[in-house]
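Trainee: Requesting a structural model of the entry that follows:
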Amino acid sequence: MEIVAEKSVKATIHKIVDWLAGEPNQRILDWVNADDGSYQDIIKFMDICASNGWKQLSDSPFEYATPDAVEIANSLYKRAMENFGGKR
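Mentor: Coordinates of the predicted model:
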């Protein structure tokens, strides 16, 4: 059962997953290089989802997320938006 998260939060997490899978994204790279706490939270989010059975990158990690993971995802989204400053 998928935990509900805002569409923009999911989109941000999916971009992070794509980046971790090897898709170039300089903005994410610059952000996590400058913010170790965000990088650590990305790892925590992925670990929680993986512990709940998330094995395929093609699956949404939110299908395996817990309420704690969604809280981390919301925090990551907020910090990403603060870092990007509305840049598109």
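Trainee: what's the neighbour count on residue 42?
Mentor: Counted with other C-beta atoms under 10 Å, residues neighbouring residue 42 total 22. C-beta coordinates here come from the backbone N, C-alpha and C atoms, glycine included.
Trainee: measure it to residue 62 for me?
Mentor: For residue 42, the distance to residue 62 equals 14 Å [C-beta to C-beta, to the nearest Å].
Trainee: Residue 21 reaches residue 58, doesn't it?
Mentor: No: the criterion here is C-beta atoms under 8 Å, and residue 21 misses it with residue 58 at 9.7 Å.
Trainee: What lies in contact with the helix or strand in which residue 10 is found?
Mentor: In the assignment (DSSP states H and E), residue 10 maps to helix 7-20. Helix 7-20 has contacts (C-beta atoms under 8 Å, 6 or more residues apart in numbering) with 5, 25, 28-29, 42, 45-46, 57, 60-62, 70, 73-74, 76-77, 80.
Trainee: Mind checking which of those residues land in helices?
Mentor: Of the contacts of helix 7-20, the ones assigned to helices by DSSP state H are 28, 29, 42, 45, 46, 70, 73, 74, 76, 77, 80.
Trainee: Helix or strand for residue 39, just tell me which one.
Mentor: Here residue 39 is covered by helix 36-51, with elements defined by DSSP H and E.
Trainee: what's the offset of that helix from the middle of its chain?
Mentor: Chain-centre distance of helix 36-51: 8 Å, with C-alpha atoms, centre = their mean, to the nearest Å.
Trainee: Buried residues in that helix, which are they?
Mentor: Neighbour-count burial for helix 36-51 flags 38, 41, 42, 45, 46, 48, 49 (criterion: 16 or more other C-beta atoms under 10 Å).
Trainee: Count the residues that sit near residue 84.
Mentor: Counted with other C-beta under 10 Å, the neighbours of residue 84 add up to 14.
Trainee: Surely it touches residue 31?
Mentor: Yes: Residue 84 lies in contact with residue 31 (C-beta under 8 Å); the separation is 7.3 Å.
Trainee: buried subset of the contacts of helix 7-20?
Mentor: Buried subset of the contacts of helix 7-20 (neighbour count, 16+ other C-beta under 10 Å): 5, 28, 42, 45-46, 60-62, 70, 73, 76-77, 80.
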